[in-house]
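Asker: Have a look at this prediction, sequence included:
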Amino acid sequence: MKKAYGSSEFSTAPLSSAQEIEGLIFVSGQIHADKNLNLIGETIEERFTAVMANIERILVEAQLTNTDIIQARLYLTNLDELPALNEIYKQYFKHPLPARTAIGVSKLPLGASLEIEVIAAR
């Protein structure tokens, strides 16, 4: 049986913030925006922190934390920012680290420069 988490208050797109099936929680891509869809953050560290706050808000509703994340996909419009992102990433995730993919893209929703989607497990 599927269960949806998160409301559409943070999105104008037709999607669920997260879906759970068989103990796996698939969190839709989150960008560095507030609930009014205003982009947040000047530096990659500030943008990453904003994205993680959005992800954590959804995980809390599912009664999970970032320690339950088993896979992450990072989409960046500037892959040159990846080394700085890696430094702050280590503050959010401990060993065993989630499986991860970093992908360079030309554009993201609302002009964001970072989007992250995750899968968490109970």
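Answerer: Looks like it arrived, so ask away. Residues are numbered from 1 along each chain as shown.
Asker: all contacts plus neighbour counts: C-alpha atoms, from now on.
Answerer: Fine.
Asker: Can you list the neighbours in contact with the least confident helix or strand in the chain by mean pLDDT?
Answerer: Ranked by mean pLDDT, DSSP states H and E, the weakest helix or strand in the chain is strand 3-5, scoring a mean of 85. Contacting residues not belonging to strand 3-5 are listed as Ser16, Ser17, Ala18, Gln19, Glu20, Ile21, Ile58, Glu61, Ala62 [CA atoms under 8 Å, 6 or more residues apart in numbering].
Asker: If we use 6 Å, what do you get?
Answerer: Outside strand 3-5, the residues that touch it by CA atoms under 6 Å, 6 or more residues apart in numbering are Ser17, Ala18, Gln19, Glu20.
Asker: Please give the number of neighbouring residues around Ala84.
Answerer: Other residues lying near Ala84 total 12 when counted by other CA atoms under 10 Å.
Asker: Let me see the contact set for it.
Answerer: By CA under 6 Å, 6+ apart, the contact list for Ala84 is empty.
Asker: Report the separation between the residue nearest to Gln19 when sequence neighbours are not counted and Glu45.
Answerer: Of all residues not flanking Gln19 in the chain, Ala4 sits nearest, at 4.5 Å (CA to CA, 6 or more residues apart in numbering). From Ala4 across to Glu45, the span is 29 Å (CA to CA, to the nearest Å).
Asker: How many residues are close by the closest residue to Glu61 other than its chain neighbours?
Answerer: Counting by CA to CA, 6+ apart, Glu61 lies nearest to Tyr5, which is 6.7 Å off, once chain neighbours are set aside. The number of residues packed around Tyr5, counting by other CA under 10 Å, is 19.
Asker: Check Leu76 too.
Answerer: Residues near Leu76, counting by other CA under 10 Å, number 22.
Asker: Give me the phi and psi for it.
Answerer: Dihedral angles of Leu76 (phi, psi; degrees, to the nearest 10) stand at phi -130, psi 140.
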